[in-house]
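*Asks:* how would this look folded up:
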Amino acid sequence: MMNEINLYIPTGVKAENELFNGFGKREMLQSIIGSLFGGAVAALLWLIAGNVALTVVAVLSGIFGSVMMCTKDQNNQSVVDQIRNMIRFARSQQIYPYRMMDEWGMN
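*Replies:* The predicted structure follows:
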């Protein structure tokens, strides 16, 4: 037992630089796209309602929401990644046709 070799696996090693924990360049681009979408929704609200307070709240909610949805958790998954995985799973084949055969080969 004296010659036992222990394997040390470090935790929390990131493949890319991050601006803050769970948020790197890729997430920044996703957040910018989400913020632009939120800005478009806010512009539509401005055209429809003409309310400044509602428009400002919509813009800030879009920015905050897109950052929160793109930030990765401890499992290296963000809300956007989870939605993407759910869509990919829903599109995959989930009907497995089979033909029942006699287990012992008698028929």
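
*Asks:* give me the neighbour count for Q94.
*Replies:* Q94: 7 surrounding residues under other Cβ atoms under 10 Å. Every C-beta, even on glycine, is put in place using the N, C-alpha and C of the backbone.

*Asks:* now do the helices in this protein.
*Replies:* Using DSSP state H, the helices of the chain run over 25-49, 52-70, 79-91.

*Asks:* where does pLDDT dip in the chain?
*Replies:* Applying pLDDT under 70 to the chain flags the ranges 1-2, 12, 105-107.

*Asks:* just put the helices of the chain in a markdown table and tack on distance to I5 and mean neighbour count.
*Replies:* Formatted as a markdown table, those follow (distance: least, Cβ to Cβ, whole Å; neighbours: other Cβ atoms under 10 Å):
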| stretch | distance to I5 | mean neighbour count |
| --- | --- | --- |
| helix 25-49 | 37 | 15 |
| helix 52-70 | 41 | 16 |
| helix 79-91 | 36 | 12 |
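
*Asks:* so which of the ones you listed comes closest to L7?
*Replies:* helix 79-91 (28.8 Å; Cβ to Cβ).

*Asks:* coming back round to it: distance to V13 added to the helices of the chain, as a markdown table?
*Replies:* A markdown table is the format used below for these (distance: least, Cβ to Cβ, whole Å):
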| stretch | distance to V13 |
| --- | --- |
| helix 25-49 | 17 |
| helix 52-70 | 21 |
| helix 79-91 | 19 |
